[in-house]
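Asks: Model the structure of this input:
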Amino acid sequence: MESVVALEGLHALKHAVRFGAVVTDILTDDLDAAMTTADQVAPDLRALLEEQATVVPVRAFRERARGPVHTHVLAYAHPPQWRLADALPTADRPTILLDDPRNSKNLGAVVRVAAAAGAAGVLANGDVDFCDTAAVRGAAGLQWAVPCQSTPTLISDLAGYRSPLTDHRPGFTLVGLDADGTPFDPSQHTGPTMFAFGSERSGLSDEVRQACDAIVSLPMAPLVSSLNLATTVSAVLYLRMYCQDMRPSP
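Replies: The predicted model follows:
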């Protein structure tokens, strides 16, 4: 099972399948219950469950899963195949850059909001696994919907894409989020933009900060020192989306 990704629950399976995942196995400890839930939340999965689901004992099912799976479905799929170029921002779709993220659940939550907001991709500067079981569960299987890639050399790998070299490499600006930045004004960052987010504890690394074209911050009430990573990403993406929707048509 090392070469496949675990999909715990119907929601993860639903999104993975909808965005092209190739499912290799589906296990359930209660097929009737799984079918009933699928009919309620993902009727498009019924045929797949009927064709591929294997019923296993409750104990064997629980031993496979990291935590409780109330929808009685545990599936496996081949991992998505994304390239760095797939995740680059466009004028209408920003990219999220996470600077050395440490929490798999938070990583998954960022992927989930990025997919919902129509982001171009999610990149990680560091050695993290977007297909870790906890990350996939946190993202509800949306790793197949949003290009995701992680590498310890991300900043240097992106250098060749920063300047407008060709029609296929239009360039972009890198905007970092940090408490000491100027207040975020989405109207100032409407071209191809990559937004960089550091950890709640240490913020942006010197490497990422130095690569940024601008450092901005989200305003917070007095005495409040930080926001959850996924919450910050959500606020930035939706402010950017709202700003784009409100711009007058040419």
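Asks: which residue packs closest to H70, ignoring adjacent ones?
Replies: Closest residue to H70 apart from its sequence neighbours, by CB to CB, 6 or more residues apart in numbering: G9 at 7.5 Å. All C-beta spots, glycine's among them, are computed from the backbone N, C-alpha and C.
Asks: what about the helices in this structure?
Replies: 10-18, 31-41, 46-52, 58-64, 104-117, 133-139, 154-158, 206-211, 229-246 (DSSP state H).
Asks: So which of those is nearest A85?
Replies: With respect to A85, and counting by CB to CB, the nearest of the helices of the chain is helix 154-158 at 10.3 Å.
Asks: could you give me the average pLDDT of the longest strand that the chain contains?
Replies: The single longest strand within the chain, with elements called by DSSP state E, is strand 173-183. In this model, strand 173-183 has an average pLDDT of 93.
Asks: now the angle from it to helix 229-246?
Replies: Computed by axes from the mean of the first three to the mean of the last three CA atoms, to 10 degrees, the angle separating strand 173-183 from helix 229-246 equals 100 degrees.
Asks: Buried by neighbour count: which residues of strand 173-183 qualify?
Replies: Within strand 173-183, the residues that count as buried by 16 or more other CB atoms under 10 Å are 173-178, 181.
Asks: possible to save these as TSV with distance to R64?
Replies: Putting the buried residues of strand 173-183 into TSV (distance: CB to CB, whole Å) gives the following:
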residue	distance to R64
T173	45
L174	41
V175	42
G176	40
L177	38
D178	41
G181	44
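Asks: ok, D29 touching A53?
Replies: No: using CB atoms under 8 Å, D29 is not in contact with A53; the gap is 10.5 Å.
Asks: where does this structure dip in pLDDT?
Replies: 1-2, 163-170, 245-250 (pLDDT under 70).
Asks: Find the residue at the geometric middle of it.
Replies: V111 (1.4 Å; CA atoms, centre = their mean).
Asks: Please work out how many residues are found near P43.
Replies: Neighbour count of P43, defined by other CB atoms under 10 Å: 10.
Asks: re earlier: of all the buried residues of strand 173-183, which two lie farthest apart?
Replies: Maximum distance among the buried residues of strand 173-183 (CB to CB): 15.6 Å, for T173 and D178.
Asks: Check whether R64 really touches V73, as I assumed.
Replies: No: R64 is not in contact with V73 according to CB under 8 Å; the separation is 11.3 Å.
Asks: Give the residues shared as contacts by these two.
Replies: Taking CB atoms under 8 Å, 6 or more residues apart in numbering as the contact rule, R64 and V73 both touch L27.
Asks: The two: who's more crowded?
Replies: Per other CB under 10 Å, whichever of R64 and V73 has more neighbours is V73, with 31 against 16.
Asks: what sits against the more buried one?
Replies: Applying CB under 8 Å, 6+ apart, the residues near V73 are 7, 9-10, 13, 26-28, 34, 38, 49, 53.
Asks: from the residues you listed, which is closest to N228?
Replies: For the contacts of V73, the nearest to N228 is G9 (22.2 Å; CB to CB).
Asks: how about JSON lines for the helices of the chain, with distance to L97 added?
Replies: Shown next, in JSON lines, are the helices of the chain (distance: least, CB to CB, whole Å):
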{"stretch": "helix 10-18", "distance to L97": "23"}
{"stretch": "helix 31-41", "distance to L97": "32"}
{"stretch": "helix 46-52", "distance to L97": "35"}
{"stretch": "helix 58-64", "distance to L97": "34"}
{"stretch": "helix 104-117", "distance to L97": "10"}
{"stretch": "helix 133-139", "distance to L97": "16"}
{"stretch": "helix 154-158", "distance to L97": "7"}
{"stretch": "helix 206-211", "distance to L97": "7"}
{"stretch": "helix 229-246", "distance to L97": "10"}
